[in-house]
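*Asks:* the following block contains a protein sequence and its predicted model.
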Number of protein chains: 4
Amino acid sequence: MDHRLLTQHCSREVRIGREVFGGGEVGWIAGPCAVESYEQMREAAEELLACGVAVMRGGLYKPRTSPHSFQGLQAAGLDIIRRIKAEFDLAYVSEVVDRASLELLLPYLDAVQVGSRNCMNYALLKMVGQTGKPVILKRGFAMTVDEWLYAAEYLAQAGARDIVLCERGIRTVTEVTRFTLDLGALAWLKTQDLLPVIADPSHATGDNSLVMPLARAALAAGADGLLLEVTPCPNRALCDARQQLSFAQLRALRKN
Amino acid sequence: MDHRLLTQHCSREVRIGREVFGGGEVGWIAGPCAVESYEQMREAAEELLACGVAVMRGGLYKPRTSPHSFQGLQAAGLDIIRRIKAEFDLAYVSEVVDRASLELLLPYLDAVQVGSRNCMNYALLKMVGQTGKPVILKRGFAMTVDEWLYAAEYLAQAGARDIVLCERGIRTVTEVTRFTLDLGALAWLKTQDLLPVIADPSHATGDNSLVMPLARAALAAGADGLLLEVTPCPNRALCDARQQLSFAQLRALRKN
Amino acid sequence: MDHRLLTQHCSREVRIGREVFGGGEVGWIAGPCAVESYEQMREAAEELLACGVAVMRGGLYKPRTSPHSFQGLQAAGLDIIRRIKAEFDLAYVSEVVDRASLELLLPYLDAVQVGSRNCMNYALLKMVGQTGKPVILKRGFAMTVDEWLYAAEYLAQAGARDIVLCERGIRTVTEVTRFTLDLGALAWLKTQDLLPVIADPSHATGDNSLVMPLARAALAAGADGLLLEVTPCPNRALCDARQQLSFAQLRALRKN
Amino acid sequence: MDHRLLTQHCSREVRIGREVFGGGEVGWIAGPCAVESYEQMREAAEELLACGVAVMRGGLYKPRTSPHSFQGLQAAGLDIIRRIKAEFDLAYVSEVVDRASLELLLPYLDAVQVGSRNCMNYALLKMVGQTGKPVILKRGFAMTVDEWLYAAEYLAQAGARDIVLCERGIRTVTEVTRFTLDLGALAWLKTQDLLPVIADPSHATGDNSLVMPLARAALAAGADGLLLEVTPCPNRALCDARQQLSFAQLRALRKN
C-alpha cells in the first residue's frame, strides 16, 4: 500500500456547507434519490432545514443497471437545482458520471459524488480531482479497502484535498438486503485516520425499515457522517422508492 | 422458506442464567477464547462478576483450521469448568463439536454453542436440539439467512425451544478484517421477530481495536446481546490472542 | 501452510474399484443423486457397466438445507445397496454425515464421501480418516484452498492415505448457476501435485444442460476424474432432478 | 431481464480482422499486456502471424489500481501502433478508458475493448457503442450475468451491433488465483445464444502456469474465442509479467 498523497495532502476534516465530516464531527447529507420536480425538491429542502441538515442530495444523473430504466432528469433538471440553491441555504451534492455531467453540475455543486459503478473509472476520478471541490467517493460493489484508498489517491493526485469515503455496502452471500454494509471496514479506516468515512445505509439495505438501525449502527461504529435517501413521498418515487426514508424517520434518527 | 417450527414453538426471549436475550433485553456472554488454566478462568470469572456479566464463555473444544494448531484442553479441562461453576455464580456456554464433547460438557452447560464450521452439520444440530438446552447458533462463513434459519429449524425439530442466533461475520472481499459483521442481516432478522439475535464482533474482526466500535454498532442495530472474547491477559492467549478484549475494555463497553 | 502429512504420507494416485484417480489416469464416479429404489439402482448399475464406469454413487444420507425436505432413505436403503453390490461388479461411494451413517454404510463403501456442509466438521473427518478407506473430500461453499488442504490434513492425521479432493463449486455473485466451478483452484492444485483432484459439475451448475460443457472443461483443465449425477429417469428424481444427466448424455461425454 | 436490443439487433457471429467469434468458430486475440516499444510489438506481430493469430492486443491505456504504477505509454505509443498496423496484416484491439483515449486510438482499432473497471461506466459504453466498431466487453469483478448483459444493452442502444462478451474472472474466496474464471456463466450464456463469449484466462489466473489449463478448459466449455496475454519476453514485461505466456506456450495451445 502506498497512499502517500492521502497521508501528506488530504484533510482529516472536511466541510461541505455548514456540515463537518471528521475531526469528531458528524455530518449529514440527505434528500431524494433522484430529482423529479421543483415541488419535490422545494418540499425536501424545507424539511431538511427544519431538521437541521445542511447538505442536500438529489441525483440528476442516475447510472441504472438497465438502459431502459429512468436515467435521471439530467440537463433538464438543472434549473430545478438552480432555483433551490437560490431559495434555500443548503449545500448540494450530486453524482457525476462523465465530463458533460460534471461541467453542467459544477456551478451548483458544493461536493462532487463519484458512485460505486465509477469508483475505478480513473479518468473520471482525475476530472473530479481537478475541480478542487470536496469529493464523496463511494466504495465499489467488490472493492477491497486498499483499492478504495487507491481510488482516493487518484483523486488526490489530480488535486483533491477534501475527500470523504462513503461505505455503501458490498456484494455478499446475504439475500435479505441488497448489499452488506461493511462497518468493520469503516471502523478500520477510522483507526488509520487518513480520510473521513461516512455510511450510506439506504443503498446498502434497499429497505427503509432497515435504514434506521443501520444508520444508528454506523454512527455507533464511529462514522463521520451519513448519506441518506429521504423523500417527501417515498411511495411515489421514480427510483429506489422502497429504500427512501420519510422525513418523520429522519427526524427520529436525528434525535438519537 | 418454511420455518414453521421456529414460528410455532420457539421463544422470542431466551434466558441463560441471569442474562436475557430478546424481548427488549440485552444479554451478555463473555470470557476467554479457550480455557487454558484454572487460574485464568478464576480471574476471568471474578472480573465478569465485577462487570455484571452473568454468562461465561471459554472453549474446551476448538475447531481449528489446521490439525497442528492447539485444539483446546478438551476433556482435560472439564475439571477447571467444574470448579469454576462450583465457586462462582455464573452460567457457562461452550462449543460442542460431536457427541463425545456434548456428553462430557453437558452437565456444565447452561447453553450449547454450535460454531460456524458446524452450522450445516445437521447430525450435530439434532443431537444438540435433543438436549432441550438453550442453543447459541453461529452463522456459517457463507450461509444465507434462509439457510441459517433452516439450521435453527433442525434444532427446533429435535426439540430445542430456546435458540439464539449469533451473527459472527461472513466471508467477503474485505481484507482488513477477518470477516464482515453483517448487521443488515441482524436488523432484518429483528424485523421478522422469530428468534433473538446476538453479535460476536470478536471473531468478525479478529482485532480488539475493532471489537469495541462493532460491539457498539451491533447494539445500535438492535442486537439482543453480545458474545465477546475477553481475557485477563490478551497477550499471552494460546488462541486468537489479538482479538480478545481486556476487562478494562469490557467495562468501558458496558458503560455505554 | 503446513500440509506435511499430505506431502509425506498421501497417494498421488488413488484407486477405487477399477477406477484410478491421478497419475495421468481419469477416474469416473456416476449414479443417481439419491438411492430411491432397487429398480432405479439396478437400472443405473446396468447402464454404468455398459458405459464402462466402475464406481457408482447414490446417496442414502442427504444433508438438505431444510429439515422438511427428503433426507434420503437412510438405513432403510441399505438393503438395496447390499443387493446391487452382490449382483454387479461396481465399487460404491456414498456420503456419510455422522458415526451412525458411517458405521451402517462402511461394509458397502469402497470410498467414503464427505460433503461440502461437513468439510469443516473435523470430528467427522477424524472418524472417516480412521477407517483407512479412500475418501472423496468435497470443498466447502466458501472454503479457501488452504482450508481445504487442512481438512485433508485432518483426514491424513487420522490415518487416511488415499484422499481425492472434489471441486464442486463455490458461492459467488453469479446468479445463473447454483455455484461457480473453480477450475483455477483445480489447476493450481494440479501444479502442487499433492492429491488427486476431481470435479463435480452436477452440483456446481444445478442444470444438466451446463453439466456437459463443464465436465469437458474440467477434464481439459486437468481434472483427475469426474463425479456425476446420472439417473435413469431425470424427470422423476426425488432430489436435484434438474441437474442429473441421462445415460445418453453420459455416453456422449465418455466418447469425447 | 429485458435484453431486447441484444436479441433484436446484435450479431451472433462477430468478425474482427480475419478472426471469427461465434457461429461455431473460435477466434483468437493475443499479444502483450502493454505496448512497451516498437521492437517488442514487431517481434510480437511476427510471432502472432507465424502462429496464425490474426488479432493483436497490446494496451496503451492501462487502468491500474495505484496511480503510482505504470499507466501505459498512452499517446506516446500511438506511433508504434501506426507502424505495426502498416507493416503487418493484423487487426488490433485495445482498451479505451475515456473520450480522449477512444478518439486517439480509434483510427487504429478494429475492435474496442472495455475493461472490467469500466464495465458499469455507462457514459463510456455509450461513446464506444456510437463508434459502430466491434466491442470486447469484459465482465466486472463482481458483476452478475444480468448486469453484464445490460451493459451490453447500453452498447447496443448506442449503436453497437458486434459485441463480444469476455469472461475474465470474478472475485471469490479463492486465494491461489487472482480471480475465478467463471466457465459456468460462459456455458450458460452459450445456451442463451445472444452474443459470442470469449475467455481471458490470463487476467483470471495471474499466473502463466495456470493460463494453459484454463485456456483449454474455456475452449472445452464452448468459448467462442480466447483473449491471451503473450509477450516475447515475459520476464521483462512492465505490467503483469507473471501472467503472460511465451509464444512457445501459445503455439502449444494452438495445436490442441
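*Replies:* Nice, I can see it. Residues are numbered from 1 along each chain as shown, chains lettered A, B, ... in the order given.
*Asks:* so is stretch A:90-100 next to chain D?
*Replies:* Yes - part of stretch A:90-100 sits near chain D under the criterion CB under 8 Å from any CB of the partner chain, namely A:97, A:98, A:99, A:100. Heads up, the C-betas are built off the backbone N, CA and C, glycines and all.
*Asks:* next, count neighbours for residue A:107.
*Replies:* 10 (other CB atoms under 10 Å in any protein chain shown).
*Asks:* for residue A:31, give its distance to chain C.
*Replies:* Taken as CB to the nearest CB, to the nearest Å, the spacing of residue A:31 relative to chain C amounts to 30 Å.
*Asks:* what sits against residue A:122?
*Replies:* Contacts for residue A:122 were tallied using CB atoms under 8 Å, 6 or more residues apart in numbering or on different chains; they are A:151, A:154, D:63, D:67, D:97, D:117.
*Asks:* just the buried subset of the residues of stretch A:90-100 next to chain D, please.
*Replies:* Burial by neighbour count, judged by 16 or more other CB atoms under 10 Å in any protein chain shown, picks out A:97, A:98 from the residues of stretch A:90-100 next to chain D.
*Asks:* what parts of chain A come near chain B?
*Replies:* Along chain A, the residues adjacent to chain B under the rule CB under 8 Å from any CB are A:142-146, A:169-177, A:179-185, A:187-188, A:190-191, A:204-205, A:207, A:209-210, A:213-214, A:216-222.
*Asks:* what about 7 Å?
*Replies:* Taking CB under 7 Å from any CB of the partner chain, the part of chain A that reaches chain B is made up of A:142, A:144-146, A:170, A:172-177, A:180-185, A:187-188, A:191, A:204-205, A:209-210, A:213-214, A:216-217, A:219-222.
*Asks:* let's see which of those end up in helices.
*Replies:* Helix and strand membership here follows DSSP state H; of the residues of chain A next to chain B, those in helices are A:145-146, A:183-185, A:187-188, A:191, A:204-205, A:209-210, A:213-214, A:216-217, A:219-220.
*Asks:* which of these count as buried?
*Replies:* Among these, those classed as buried by 16+ other CB under 10 Å are A:145, A:183-185, A:187-188, A:204-205, A:210, A:213-214, A:216-217, A:219-220.
*Asks:* tally of neighbours for residue A:87?
*Replies:* Residue A:87: 13 surrounding residues under other CB under 10 Å.
*Asks:* ditto for residue A:248
*Replies:* When neighbours are defined as other CB under 10 Å, residue A:248 has 10 of them.
*Asks:* where does it land in three-state SS?
*Replies:* Classification of residue A:248 into helix, strand or coil gives helix, according to DSSP: H, G, I helix; E, B strand; the rest coil.
*Asks:* report pLDDT for it.
*Replies:* Listed pLDDT for residue A:248 reads 93.
*Asks:* which residues touch it?
*Replies:* Neighbouring residues of residue A:248 by CB atoms under 7 Å, 6 or more residues apart in numbering or on different chains: there are none.
*Asks:* any low-confidence regions in the stretch 101-250 of chain A?
*Replies:* Applying pLDDT under 70 to the stretch 101-250 of chain A flags the ranges A:239.
*Asks:* who in it is up against chain D?
*Replies:* Where the stretch 101-250 of chain A comes near chain D, counting by CB under 7 Å from any CB, the residues are A:117-118, A:120-123, A:141-142, A:147, A:150, A:153-154, A:157, A:171.
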